[in-house]
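K.L.:
sequence and computational prediction follow.
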Protein chains: 2
Amino acid sequence: MSARQVTLAEVAKQAGVSLATASRVLNGSTRQVSEDLSERVLRTAEELGYVPNASAQALARNSSSLVGLVVHDITDPYFSCIAAGVTRVAEAAGLSVVLGTTGRRPEREAELLSTLRAHRARAVVLAGSRTTDRAAQSRLAAEIDAFTEQGGRVACVSQAKLGTDTVVPGNRAGGRALARALAELGHKKFAVLGGPTELVVARDRLAGFKAGLADAGIAPPTVINGAFTRDGGYAAAMELLGSKSRSTCVFAVTDVMAMGAMAALRERGVRIPEDISIAGFDDIPTLRDTVPALSTVRLPLEEMGEIAAGLVLDAGGDEARTVRVAGEVVLRASTAHN
Amino acid sequence: MSARQVTLAEVAKQAGVSLATASRVLNGSTRQVSEDLSERVLRTAEELGYVPNASAQALARNSSSLVGLVVHDITDPYFSCIAAGVTRVAEAAGLSVVLGTTGRRPEREAELLSTLRAHRARAVVLAGSRTTDRAAQSRLAAEIDAFTEQGGRVACVSQAKLGTDTVVPGNRAGGRALARALAELGHKKFAVLGGPTELVVARDRLAGFKAGLADAGIAPPTVINGAFTRDGGYAAAMELLGSKSRSTCVFAVTDVMAMGAMAALRERGVRIPEDISIAGFDDIPTLRDTVPALSTVRLPLEEMGEIAAGLVLDAGGDEARTVRVAGEVVLRASTAHN
DNA sequence: GCAGCGCTGGAAAGCGCTTTCCCGCCACGC
DNA sequence: GCGTGGCGGGAAAGCGCTTTCCAGCGCTGC
């Protein structure tokens, strides 16, 4: 085993050319190499099964072919969709994606960025949602600076960090439009299952929703905060049922939370949508076949990943670009007229 | 911008020690370094914000801190669960995961492996399912050999490749147990929505299911093949409805396919489970809250990812190890007595 | 008292590649 | 005929790190 790896030097020697020539042939150099030498090199490389050593290339070029992707939980369809978009674009560009997961701990984000910097990743997409945790944020900001100073690019999905490209979903606008649409169904009394208060995405969706209700002249909703997960939605819904709130419509700031909430409601014998209407946010593809079909705000998640990767990969100007993507209200069977 | 990166040499000079000493202090070397020197190096490294250049380390050590993970589609909860397990273990071991997606094209697997080899990844987990495509398989086998010869380890999830560690879910046994359980419910006429015929996972589940039916003295099922996706399940179910088959129970070889199938059945006004019972395979967590709750065979997906990562990370002996994980039949509301 | 040993620190040789610099060659123009 | 320029090829200097090898030193054991 462990037959040593074929090196460029071996290829060069075998082909009877210099190291420089072999390198120029096998990796897009601007320099020309004559037809026959070039062909000879290509052939021997093929024969020997030469594979360039990416580490050595990265070292010599001072830039690797790695792109970082940082998410909270790859199991969450929200993130896996974004990841799909990012990997598609990165792989099409001949780059490899290194996936980091934070497990929803804000401080991991900075750690991962540091690792990525160690690998001289050429770019990184931060898909984790921004928190209001000051310490974690400033540590992260410092890492982002270090990363960009070293020549790497950073893009964020849904969290505008100073100086980075960003893909911003219409969280606020989406929440607002959803609230209006639900108000039009005749609901008067709303509850919101909000995520953790420190998550900006959750706050934005909630704020937008409140604004929408206000637009419609409806009283502010009962708000219950919980984890940004299925279980968080379940727990929040249980809490809601335990309270005296007599809402006819509940908005879970995430489809995944909505699923948990629906489970809780069903368990307590609450019918959807007859007794309570419920809506989510994201329009997770995997969840589209559930019954009753979940009303939600559709976000083009994969596309958002693609956009983020696109931003981060084409060099772009110096200033931070922001791409907004709109959410589209999709009313389905989980919300009924009141 | 682009302030050059702090190098070991700078740290060493600043701390007034040699390169060797600095290296020994900052990276676990077996060699001892005196307390004061050590502390001085640590301090200056901290001050300067030194981050080792992973490429250079990889080159010098001839082994990187990268672990590959190859899946078909990260959006598919089956794979994202496995991915979660793999990343958890890898990150705990201080390694970074590079994620490759094949988009279900078998030939991509070999390409990705080659890229991973270029990066001198220390190990790789192949989670994509094995196909019977001879050409792709032999190309893959060659790449696996090349990879292991270069010193990397390879583990597969659910596809026993010669000479690699493998995590084998009880596809056959699970299918069989499920068939028996469904037979006990009184069903006599079965249909199976099988995946593509060339996917070994699909074949195994189908084969097991058939065996289980045979155990129960029941006639072989109607089999309809389709893509290993939600849409594949939908299409297969539609085809089934169009046929004259009067099955009372349908087994979709995947939960995701089952979801598509249920959508199709509902669309045609077929009630579940009153008119037709349906079962899946995998027990995808995200899908556990659907109504009616899906009967299935539970696989500990994240754990499988963890096991695979564990196998591939601890050096282990020379021979290929195989870890079997059992599937557990879980009967829920989507299957009824007949 | 001295050979020998264990231990720590440093010099330097790589690791496999890119890229600069130089050289020789040819075509061209005066 | 010779100076110029352009062009293709090769030598070699790194890229930032690890690790081997050697030197020096303080001990121990005879």
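P.N.:
On my side now, so go ahead.
K.L.:
avg pLDDT for stretch A:208-228?
P.N.:
When pLDDT is averaged along stretch A:208-228, the result is 97.
K.L.:
is chain B contacted by the helix or strand bottoming out on mean pLDDT in chain A?
P.N.:
None of the helices or strands of chain A scores lower by mean pLDDT, DSSP states H and E than helix A:134-149, at a mean of 89. Yes: under the criterion of CB under 8 Å from any CB of the partner chain, chain B is reached by helix A:134-149 at A:Ala146, A:Thr148, A:Glu149. (C-beta placed from N, C-alpha, C; glycine too.)
K.L.:
now do the same for the nearest residue to the first one once chain neighbours are set aside: helix, strand or coil?
P.N.:
Read it as A:Ala146. Of all residues beyond its chain neighbours, the one nearest A:Ala146 is A:Arg117 (6.1 Å), with distances taken as CB to CB, 6 or more residues apart in numbering or on different chains. Using DSSP: H, G, I helix; E, B strand; the rest coil, the structure places A:Arg117 in helix.
K.L.:
A:Arg117: what's it in contact with?
P.N.:
The neighbours of A:Arg117, taking CB atoms under 8 Å, 6 or more residues apart in numbering or on different chains as the test, are A:Glu143, A:Ala146, A:Phe147, A:Gln150, A:Gly152, B:Val51.
K.L.:
is DNA strand D within reach of the least confident helix or strand of chain A?
P.N.:
No: in terms of CB under 7 Å from any atom of the strand, no part of helix A:134-149 sits within range of DNA strand D; the closest distance is 13.4 Å.
K.L.:
buried ones in that helix?
P.N.:
A:Ala136, A:Gln137, A:Arg139, A:Leu140, A:Glu143, A:Ile144, A:Ala146, A:Phe147, A:Thr148 (16 or more other CB atoms under 10 Å in any protein chain shown).
K.L.:
test my guess that the second one contacts A:Ser129.
P.N.:
Spelled out, it's A:Gln137. No: with contact defined as CB atoms under 8 Å, A:Gln137 does not reach A:Ser129; the gap is 11.8 Å.
K.L.:
okay, the residue nearest the centre of chain A and chain B: tell me how far apart.
P.N.:
By CA atoms, centre = their mean, chain A has its centre lying nearest to A:Ala127, at 3.5 Å. Distance of A:Ala127 to chain B, given as CB to the nearest CB, to the nearest Å: 12 Å.
K.L.:
doesn't A:Ile74 make contact with that residue?
P.N.:
No: with contacts counted by CB under 8 Å, A:Ala127 stays clear of A:Ile74, the gap being 10.0 Å.
K.L.:
identify the contacts common to the two.
P.N.:
With CB under 8 Å, 6+ apart, A:Ala127 and A:Ile74 have common neighbours A:Ala83.
K.L.:
would you map the helices across the stretch 151-300 of chain A?
P.N.:
A:171-184, A:200-215, A:230-242, A:255-267 (DSSP state H, counting those that start in this stretch).
K.L.:
of the ones you listed, flag the one that's most buried.
P.N.:
Burial of the helices of the stretch 151-300 of chain A is given as mean neighbour count (mean count of other CB atoms under 10 Å in any protein chain shown); helix A:255-267 ranks first at a mean of 24.
K.L.:
contact partners for A:Val25?
P.N.:
By CB under 8 Å, 6+ apart, the neighbours of A:Val25 are A:Val33, A:Leu37, A:Ser38, A:Val41, A:Leu42, A:Ala45.
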